[in-house]
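S.K.: Let's see this in three dimensions:
(one chain, ligands or ions: 1)
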Amino acid sequence: MGRYLDMINTPADVKLLTLDQLQTLAQEIRDELITVLSKTGGHLGPNLGVVELTIALHRVFESPKDRFVWDVSHQVYVHKLLTGRRESFHKIRQSGGPMGFAYRSESPHDCFGAGHAGTALSAALGMAAARDHAKTDEHVVCIAGDAALTNGITYEALNNIKNSTKRLIVILNDNEWSIAKNVGAMSEYLNRIVRHPSYAAAHKRMEHFLGRFPRVGPELAQIGHKVEEAVKGMIVPSLLFEEFGLRYIGPVDGHNTALLIDALQWAKRQDVPVLLHILTKKGKGYEKALEDPQTFHGCGPFDIATGKSPAKKEGTPPNYQDVFADAIVRFCDVNSKLVGITAAMPSGTSLGKLQEAKPDRYFDVGIAEEHAVVFAAGMATMGYRPVCAIYSTFLQRAYDCIIHDVALQNLDVIFAMDRAGLSANDGPTHHGVFDIAYARCVPRAILMAPKDEDELVDMLWTALQHHGPIFVRYPRGAGEGVPIKERPAILPLGKAEVLQHGTDVAVIFYGAVSKMAHETAAVLQAEGLSVALINARFCKPIDRDVIEKYGRICKVLCTIEDHVLMGGFGSAVLETLDDLRIDTPVARVGWPDNFIEHASSNKDLQDKYGLNSKTAIAKVKDLLLEASEERVKPPQFRVLGATARTA
Ligand SMILES: Cc1ncc(C[n+]2csc(CCOP(=O)(O)OP(=O)(O)O)c2C)c(N)n1
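M.R.: Numbers count the residues shown, from 1 in each chain. Here you go, the predicted structure:
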């Protein structure tokens, strides 16, 4: 017999299955998730944890009329499988395949896109308020993990529920994990509810009650009111959520499909906002993921039998994250005030190494980037030297805190901007391509980007000697394979490194795009041009002397960066040239003014959008040609009142 999963083309098909068949469907979905993600990688643990929940949601509600708003939305794979994306699912997070998050333009069933945590409750509340205003009757269901309750936006929304709507369903998917173990008082509060003696008793009553009835949908529906009574009996008081205007039910076993269906049906009938607290296991159904929820939160391809990822190729350089964390651990020995702060990303940033080596120097503040930055500012006022290790994309959240709390007060905070550049599999929510633009305009900010992992260590060491806000951006993944010096260097602020002199073209690169810049220079040189190669190191202060020198000597400058062109390093070079009244043309290579989609690899996107040496060479040649044509043109006379500049 074929799979039930293959019969599900729309959520309506889920409604045709009996409870037993739904349980078989759950198993088939788990098998599909494990098989596909063992090849593509992805958010395996979170999705294995919401299989029954997603089935129950589609069984009870009418998507897309009813709206499911997923927090972060990394757990929407099951939803994708049930909403017409089964056939392309084997390409999830790959070029041309479905995105790993909810994405409005991908399906009408994805009513709100996300990738950053903490937005679901606000968005759902907005939808509920709009529905009330428009006097329509759809249900709005927010599905948020326990770690969403470490996020500020979620609290802002909680505070606003009573004033915004009379009807909203919030599902709190409590698996006790963020990516790492969840942290903070709210997580302890949820644990207390779960440990409450009345929970076990209520749970037993419910199981016993449901056990007396056959497990088939229509029959369950006939006994609806009795079930409702039983569900109410499950309620363990939670004063906190009640104070926020949410009728609380739970905790409910989030892997018991029958119970979930009943609880959702109950929630659907309420005329007040409700919070359904469900307990799930991250990784449910795959032993290796249950054993190691952190690794399988978001994993690369793996072997199903062993759970292991393919071994790294011999000689693969250490990744930037590990080099960063090792340096911080090392520097802690010589600077007693140095501390590391993460916003729930100890594994992603590798700051977990600091937690292991020096737990008293390590702070995980939850998914709370704004708080992380202001917390760092507070520590800095006490003479501490906080390093905020935050992904470039997540630091966007804390923009005002950077300006208002750190820079304005000139506090000594080091920003380690991880994942600068592309995060191909994740896509537009995770690409770190805006940070130069948003940080460069902040007065007092120093901006640096290393060409390799050794220079990253130099930059961190340099940052430690500096007073005031200082940012270092570096990409995800393996370094360039250079040895790391025993003693890091202190780099002169605002000084570029001229790697080779040249008089026709100057290739100036910012950050870990050094290979591309070297290739560009080599090809141009092979064609007989004299090419300067410059590692910018700093975007702010930018090296005016070097730009002036090469702007005057060379016919064309070429800038290369892993950032959007608008407001990026190339723009900074153009501004500098303009300030100096030099009109040497600049071939700028970077990302266009678009949201860049997800893909199988960064290389796929670089090829598609032309962020490579080929583009750099072509742009340089075009400008050289224009410059030579310019020279043979008759002289232009200056018009009075116009702002034309002489060469
Ligand atoms: C603003 C922001 N910071 C950090 C992250 C990285 N991140 C992705 S999922 C996640 C944990 C989510 O935990 P939870 O909400 O409990 O869902 P679960 O994965 O446990 O189902 C984190 C920290 C993010 N997506 N957004």
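S.K.: Report the separation between residue 409 and the ligand.
M.R.: 24 Å (C-beta to the nearest ligand atom, to the nearest Å). For every residue, glycine as well, the C-beta is placed using N, CA and C.
S.K.: Let me fix that, I meant to ask about residue 584.
M.R.: Per C-beta to the nearest ligand atom, residue 584 is found 41 Å from the ligand.
S.K.: mind checking the SS state of that residue?
M.R.: Here residue 584 is recorded as coil under DSSP: H, G, I helix; E, B strand; the rest coil.
S.K.: pLDDT weak spots in the stretch 501-647 of the chain?
M.R.: Applying pLDDT under 70 to the stretch 501-647 of the chain picks out residues 631-647.
S.K.: Get me the contact residues on the stretch 51-200 of the chain for the ligand.
M.R.: Residues of the stretch 51-200 of the chain that fall close to the ligand, judged by C-beta under 6 Å from any ligand atom: 71-72, 74-75, 116-117, 145-148, 173, 175, 177-179.
S.K.: Tell me which of the residues you listed fall in strands.
M.R.: With strands taken from DSSP state E, the overlap with those comprises 145, 173.
S.K.: Name the nearest of the residues of the stretch 51-200 of the chain next to the ligand relative to residue 592.
M.R.: For those, the residue nearest residue 592 by C-beta to C-beta is residue 116; the value is 22.2 Å.
S.K.: Look up how far the ligand lies from residue 567.
M.R.: The spacing between residue 567 and the ligand, counted by C-beta to the nearest ligand atom, is 22 Å.
S.K.: Listing request: residues of the chain with sub-threshold pLDDT.
M.R.: Checking the chain against pLDDT under 70 turns up 199-200, 202-237, 631-647.
S.K.: count of neighbours near the one residue in the chain that gets nearest to the ligand?
M.R.: Proximity to the ligand, evaluated over the chain using C-beta to the nearest ligand atom, is greatest for residue 145 at 2.4 Å. Neighbourhood size, residue 145 [other C-beta atoms under 10 Å]: 29.
S.K.: Same check on residue 240?
M.R.: Counted with other C-beta under 10 Å, residues neighbouring residue 240 total 15.
S.K.: On the three-state scheme, it is what?
M.R.: Following three-state DSSP, residue 240 is assigned to helix.
S.K.: Now do the same contact list for it.
M.R.: Residue 240 makes contact with residue 189, according to C-beta atoms under 8 Å, 6 or more residues apart in numbering.
S.K.: which parts of this structure sit against the ligand?
M.R.: So far as C-beta under 6 Å from any ligand atom goes, the chain lies against the ligand at 46, 49, 71-72, 74-75, 116-117, 145-148, 173, 175, 177-179, 282, 297, 343-344, 367, 369, 394, 397.
S.K.: So which of those are in helices?
M.R.: The helices, defined by DSSP state H, take in 46, 49, 369, 394 from the residues of the chain next to the ligand.
S.K.: For the last one, which non-adjacent residue is closest in space?
M.R.: Looking back up the chat, that one is residue 394. If the residues on either side of it in the chain are set aside, residue 394 comes closest to residue 369, at 5.2 Å by C-beta to C-beta, 6 or more residues apart in numbering.
S.K.: Residue 144 versus that neighbour, what's the distance?
M.R.: According to C-beta to C-beta, to the nearest Å, residue 369 and residue 144 sit 17 Å apart.
S.K.: And for residue 262?
M.R.: 21 Å.
S.K.: Ok, residue 324 next?
M.R.: Residue 324 is 30 Å from residue 144, by C-beta to C-beta.
S.K.: so who does the closest residue to residue 175 other than its chain neighbours touch?
M.R.: In space, and not counting its chain neighbours, residue 175 is closest to residue 282: 4.4 Å by C-beta to C-beta, 6+ apart. Going by C-beta under 8 Å, 6+ apart, residue 282 touches 45-46, 48-49, 175, 177, 289-290, 293, 296-297.
S.K.: go with 7 Å
M.R.: 45-46, 49, 175, 177, 293 (C-beta atoms under 7 Å, 6 or more residues apart in numbering).
S.K.: and what of residue 45?
M.R.: Each residue near residue 45 by C-beta under 7 Å, 6+ apart is listed here: 282-283, 289, 293, 296-297.
S.K.: circling back: the residue nearest to residue 394 reaches residue 389, doesn't it?
M.R.: No. Between residue 369 and residue 389 there is no contact under C-beta atoms under 7 Å: 10.9 Å.
S.K.: Could I get the full set of strands for the stretch 1-150 of the chain?
M.R.: Secondary structure of the stretch 1-150 of the chain (DSSP state E, counting those that start in this stretch): strands located at 67-70, 140-145.
S.K.: So which of these is nearest residue 620?
M.R.: Checked against C-beta to C-beta, the stretch from the strands of the stretch 1-150 of the chain lying closest is strand 67-70, at 45.5 Å.
S.K.: Neighbouring strands - and their directions - for the closest one?
M.R.: Strand pairing for strand 67-70, determined by DSSP bridges: strand 140-145 (parallel).
S.K.: quick one on the thing from earlier: so how far is residue 146 from the residue nearest to residue 175?
M.R.: Per C-beta to C-beta, residue 282 is found 10 Å from residue 146.
S.K.: so what sits against both of these two?
M.R.: Residues touching both residue 282 and residue 146 (C-beta under 7 Å, 6+ apart) are residue 175.
S.K.: how many other residues sit next to residue 63?
M.R.: Residues lying near residue 63 (other C-beta under 10 Å) number 24.
S.K.: Give me the next element, helix or strand, following the top strand by length along the chain.
M.R.: The longest strand of the chain (DSSP E) is strand 556-564. Downstream of strand 556-564, the next assigned helix or strand under DSSP states H and E is helix 569-579.
S.K.: buried sites along stretch 400-413?
M.R.: 401-403, 405-407, 411-413 (16 or more other C-beta atoms under 10 Å).
S.K.: what's next to it, contact-wise?
M.R.: Identification of contacts with stretch 400-413 by C-beta under 7 Å, 6+ apart yields 370, 373-374, 376-377, 380-381, 385-386, 388, 442-445, 467-469.
S.K.: Report the contact partners of the most centrally placed residue in the chain.
M.R.: Nearest to the geometric centre of the chain sits residue 430, at 4.1 Å (C-alpha atoms, centre = their mean). For residue 430, the contact set (C-beta under 7 Å, 6+ apart) comprises 115, 393, 423.
S.K.: Name the nearest residue to it, sequence neighbours excluded.
M.R.: Leaving aside its sequence neighbours, residue 430 sits nearest to residue 423 (C-beta to C-beta, 6+ apart; 3.9 Å).
S.K.: so who does residue 565 touch?
M.R.: The contact partners of residue 565, by C-beta under 7 Å, 6+ apart, come to 588, 590-592.
S.K.: Once you drop chain neighbours, what's closest to residue 437?
M.R.: Closest to residue 437 by C-beta to C-beta, 6+ apart is residue 567, at 3.0 Å.
S.K.: Isn't the one you found up against residue 439?
M.R.: No. Counting by C-beta under 7 Å, residue 439 is not a contact partner of residue 567; they are 10.0 Å apart.
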